[in-house]
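> I need the structure of the sequence given here:
(chains A and B)
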Amino acid sequence: MTLHVALLKRRVAFQVAGALIGLAVTAVPASAHHSANAFDNAKIVELNGTVKEFQWTNPHTWIQLYVVDDNGSRVEWSIEGGSPGTLSRAGWRPSTFKNGAKVRVKVHPMKNGEAAGIFVGAKFEDGSSLGRW
Amino acid sequence: MASASAILLKRAALGFALLGGGLLSPDYGIAAGAAAEIDTAHLPGPAKWQDLPDWSGVWRETRNTIFDHSSIQPPDASSGTPGAREFPPLTDKWEKIYAHNRDLAAKGQFPDPITMCGVPAGFPRVFNLPDVYEFVVRPEESWILSENGPNVMRIYTDGRDHPAKEDRWLTYTGDSVGYWDGDTLVFSTVAVKNEGTILDRTGLTLSDEMTSITRMRKIDDDLIEAELTITDPIALTEPWRVTVQFERLPDGARVYDYACAENNRNPVTDTGHTVTLGPDGKPLDDLPGE
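Numbers count the residues shown, from 1 in each chain, chains lettered A, B, ... in the order given. Sure, this is the predicted structure:
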């Protein structure tokens, strides 16, 4: 009895999760290919910038984002995401980050302060969001 | 429900009798005390098409890429959790190797071989990868296909034995032969090149002497389970049993290309550091001693 209820619950949970994948664009861990040791998973930095380029490539996707820093200088951030296959199954598309689009992005930054991070979430100008926002 | 319980009890009793005191796992019907060997010299040969189970679809591991979730500490750890480790029945020699690897991992100097874009995941890590899987079954041979890598593992069920010991050489996925026990694919894996590969990023490894018996079964429409009984006279004091499960993705899911070298911006340096390349192609990392 317990076993059957547990299986049923798991199946229902999975079907709900599957339905959500169809409706919403979800976050996917980016560390499928390498250790994330260089990144601070306990810290989140929010960037406000303009998309220079979206590299829809294996083994990881990369959002190249122009961000104006506190000194007024333009800095190019490299934001690492999951593979195109995994992201596409979660609702992402090659056109998700269009060149020139203004977007806010949350990342787990590199521990040493360099301009790179692991993707956490994004919010677009139309109010829609992606990942954990 | 009473009748189901009765059936389970019957199966347990039968298992007890058959295994001389061993137990049957009541939900899967797999012998929990099953021998860690099968007689590969006398395999029964191919199954009939109509007797094969339907393992079609796209599957992914139900949990993160810790290899042995039954022994991981802390229990909710991922492979990047500081201090995380598993507790296989390691020999003293291998306990020291694991401690050394964990120390390197903590310092960011235990690179994942698959980061090199060319080293296969190997066996048994092929059962412990992110992204998705396909399991293709035919009477005479079955394939485990992982999107990540990609990796291909071949399992012969046409009745053949492993090659003679003097004719084997070590490969990443080794040599696998087996048979269909009803709806369960049972196979033996030998001749695995474990040097240079890992089981997960906690630093867990095995020796080139490792062999394994794997039992794979679809336990409901959306769940496939693989139970591995791993033997390794160098690394393990006794057989080590590990269970991994795969859940089915919604119908229509696709599997894609995974060209690891296409744009690998996380190469590994000579000192074992996995670096991140900036837009100019130069590492953004501070590398002590370089």
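> Please make it C-alpha for all contacts and neighbour counts, starting now.
Fine.
> and the residue in the stretch 51-200 of chain B that chain A sits nearest to, backbone torsions?
Using CA to the nearest CA, the single residue of the stretch 51-200 of chain B nearest to chain A is B:T115, 5.3 Å away. Torsion angles at B:T115 (phi, psi; degrees, to the nearest 10) stand at phi -60, psi -20.
> Hmm, it is touching A:H34, no?
Yes: look at B:T115 against A:H34 with CA atoms under 8 Å: they come within range, at 5.3 Å.
> Please enumerate the helices of the chain.
With no chain named, the answer covers chain A. A:2-23, A:84-89 (DSSP state H).
> I was after chain B.
B:2-18, B:92-106.
> hey, what's B:D175 bridged with?
B:V190 (DSSP bridges).
> Least reliable of the helices of chain A by average pLDDT, please.
Lowest mean pLDDT within the helices of chain A: helix A:2-23, at a mean of 40.
> Any stretches of the stretch 151-290 of chain B with poor pLDDT?
Within the stretch 151-290 of chain B, the stretches with pLDDT under 70 are B:289-290.
> Identify the residue of chain B closest to chain A, quick one.
B:C260 (4.7 Å).
> count of neighbours near that residue?
21 (other CA atoms under 10 Å in any protein chain shown).
> just the one 5 residues further on next, same as before
Counted with other CA under 10 Å, the neighbours of B:R265 add up to 23.
> Surely it and B:T274 touch.
No: using CA under 8 Å as the test, B:R265 is too far from B:T274 to be in contact (9.6 Å).
> what does chain B have sitting close to chain A?
Residues of chain B lying close to chain A (CA under 8 Å from any CA of the partner chain) are B:1, B:27, B:80, B:108, B:111-112, B:114-115, B:130-132, B:201, B:222, B:249-250, B:253-264, B:266, B:274-275, B:278-279, B:284-286.
> List only buried entries from those residues.
With burial judged by 16 or more other CA atoms under 10 Å in any protein chain shown, the buried subset of the residues of chain B next to chain A is B:80, B:108, B:111-112, B:114-115, B:130-132, B:201, B:222, B:249-250, B:255-256, B:258-260, B:264, B:266, B:274-275, B:278, B:284-285.
> hmm, back to that, which of the helices of chain B has the lowest average pLDDT?
Minimum mean pLDDT among the helices of chain B: helix B:2-18, a mean of 33.
> Check what pLDDT the residue lying closest to A:N41 once chain neighbours are set aside gets.
Spatial nearest neighbour of A:N41, chain neighbours left out: A:H108 (5.4 Å); criterion: CA to CA, 6 or more residues apart in numbering or on different chains. As predicted, A:H108 sits at a pLDDT of 96.
> any idea how far A:T57 is from A:H108?
A:H108 is 20 Å from A:T57, where distance means CA to CA, to the nearest Å.
> Likewise for B:D221?
Taken as CA to CA, the span from B:D221 to A:T57 is 33 Å.
> Which one's more surrounded, the two?
A:T57 (21 against 11).
> Quick one: residues contacting the residue nearest to A:V68 when sequence neighbours are not counted.
Nearest residue to A:V68, sequence neighbours excluded (CA to CA, 6+ apart): A:R74, at 4.4 Å. A:R74 makes contacts with A:Y66, A:V67, A:V68, as judged by CA atoms under 8 Å, 6 or more residues apart in numbering or on different chains.
> Same question for B:L277.
Counted by CA under 8 Å, 6+ apart, B:L277 has contacts B:R265, B:N266, B:P283, B:L284.
> try B:V177
B:V177 touches B:T40, B:I155, B:Y156, B:T157, B:G159, B:R160, B:D161, B:H162, B:F187, B:S188, B:T189, counting by CA under 8 Å, 6+ apart.
> rerun at 10 Å
B:38, B:40-41, B:43, B:141-142, B:154-163, B:186-190, B:213 (CA atoms under 10 Å, 6 or more residues apart in numbering or on different chains).
> Ok, A:T96 next?
So A:T96 contacts A:F54, A:W56, A:F124, A:L130 (CA under 10 Å, 6+ apart).
> Looking at the residues you listed, which one is closest to chain B?
The closest of the contacts of A:T96, once distances to chain B are taken by CA to the nearest CA, is A:W56, at 9.3 Å.
> list the contacts for the closest residue to B:L228 other than its chain neighbours?
Once flanking residues are discounted, B:L228 sits nearest to B:T214: 4.4 Å by CA to CA, 6+ apart. By CA under 10 Å, 6+ apart, the contact list for B:T214 reads B:36-37, B:124, B:176, B:178, B:184-189, B:226-230, B:241-243.
> Can you say which of the residues you listed are buried?
B:36, B:124, B:176, B:178, B:184-189, B:226-230, B:241-243.
> what's the distance between A:E125 and A:V105?
12 Å.
> between the two, who's got more neighbours?
A:V105 (25 against 10).
> Quick check: beta-bridge partners of that one?
Beta-bridge partners recorded for A:V105 (DSSP bridges): A:L47, A:A122.
> so who does it touch?
A:44-49, A:63, A:65, A:79, A:119-124, A:129-133.
> Please repeat the previous calculation with a cut-off of 6 Å.
A:E46, A:L47, A:G121, A:A122 (CA atoms under 6 Å, 6 or more residues apart in numbering or on different chains).
> buried subset of these?
For those, buried by 16+ other CA under 10 Å: A:L47, A:G121, A:A122.
> give the contact list for the last one.
So the one you mean is A:A122. A:R104, A:V105, A:S129, A:L130.
> Against A:N48, how distant is it?
10 Å.
> for A:D69, same thing?
From A:D69 to A:N48 the distance is 10 Å (CA to CA).
> Which single residue of chain A ends up nearest chain B?
Closest point on chain A to chain B, by CA to the nearest CA, is A:P59, at 4.7 Å.
> Leaving out sequence neighbours, find the closest residue to that residue.
Counting by CA to CA, 6+ apart, the residue nearest A:P59 is B:C260, at 4.7 Å.
> What residues does that neighbour make contact with?
Counting by CA under 6 Å, 6+ apart, B:C260 has contacts A:N58, A:P59, B:C117.
> Domain boundaries for chain B, per the record?
Domains of chain B are assigned by automatic domain parsing as B:1-34, B:36-248.
> So which of those domains is the most surrounded?
Mean neighbour count, computed with mean count of other CA atoms under 10 Å in any protein chain shown, is highest for domain B:36-248 among these, reaching a mean of 19.
> where does chain A dip in pLDDT?
A:1-32.
> can you rerun that using 90?
Chain A contains residues with pLDDT under 90 at A:1-38, A:41.
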